[in-house]
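K.L.:
Okay, here's the prediction I keep looking at, along with the sequence it came from:
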Amino acid sequence: MKKMISAGLLIGGLLLLFFGYQESQSFASEVEEVFTGSPDSGAMWMMIGGAIAAVAGLVGLIYKK
């Protein structure tokens, strides 16, 4: 059961990373960055959350307990 949760976290984290990257490269995000000087916060939070979820899933798959 723990392996399925870890695999789900890993897959979900990778999906969040992918969609966060796609959002950060969108035209609307680029325009917002020109005017505000900072990247889109939604895309940044998606990538941060995706990285945390992916690492947690990977750790859960690697370590046995």
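P.N.:
Yep, that arrived.

K.L.:
list the buried ones in stretch 44-57?
P.N.:
Buried residues in stretch 44-57, counted by 16 or more other CB atoms under 10 Å: M46, M47, G50, A53, A54, A56, G57. Bear in mind the C-beta positions are built from the backbone N, C-alpha and C, glycine included.

K.L.:
tell me which element the fifth one is part of?
P.N.:
Using DSSP states H and E, A54 sits in helix 41-62.

K.L.:
That helix - contacts with which helices or strands?
P.N.:
helix 2-24 (3 or more CB pairs under 8 Å, 6 or more residues apart in numbering; DSSP states H and E).

K.L.:
now what about the helix it packs on, what contacts it?
P.N.:
Residues outside helix 2-24 that contact it (CB atoms under 8 Å, 6 or more residues apart in numbering): 29, 39-40, 42-47, 49-61.

K.L.:
just to revisit the earlier point, send the alpha carbons of the helix holding A54 over as PDB?
P.N.:
C-alpha atoms of helix 41-62 as PDB (Å, rounded to 0.1, in the frame of the first residue of the first chain):
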ATOM      1  CA  SER A  41       3.700  32.800  -8.700                       C
ATOM      2  CA  GLY A  42       1.200  30.100  -9.800                       C
ATOM      3  CA  ALA A  43       3.800  28.400 -12.000                       C
ATOM      4  CA  MET A  44       6.400  28.700  -9.400                       C
ATOM      5  CA  TRP A  45       4.200  27.100  -6.700                       C
ATOM      6  CA  MET A  46       3.300  24.300  -9.100                       C
ATOM      7  CA  MET A  47       7.000  23.600  -9.700                       C
ATOM      8  CA  ILE A  48       7.900  23.800  -6.000                       C
ATOM      9  CA  GLY A  49       5.000  21.500  -5.000                       C
ATOM     10  CA  GLY A  50       5.800  19.100  -7.800                       C
ATOM     11  CA  ALA A  51       9.400  18.900  -6.800                       C
ATOM     12  CA  ILE A  52       8.500  18.200  -3.100                       C
ATOM     13  CA  ALA A  53       5.900  15.500  -4.100                       C
ATOM     14  CA  ALA A  54       8.300  13.900  -6.600                       C
ATOM     15  CA  VAL A  55      11.100  13.700  -4.000                       C
ATOM     16  CA  ALA A  56       8.700  12.300  -1.300                       C
ATOM     17  CA  GLY A  57       7.500   9.700  -3.700                       C
ATOM     18  CA  LEU A  58      11.000   8.700  -4.800                       C
ATOM     19  CA  VAL A  59      12.100   8.400  -1.200                       C
ATOM     20  CA  GLY A  60       9.100   6.300  -0.400                       C
ATOM     21  CA  LEU A  61       9.900   4.000  -3.200                       C
ATOM     22  CA  ILE A  62      13.600   3.600  -2.400                       C
END
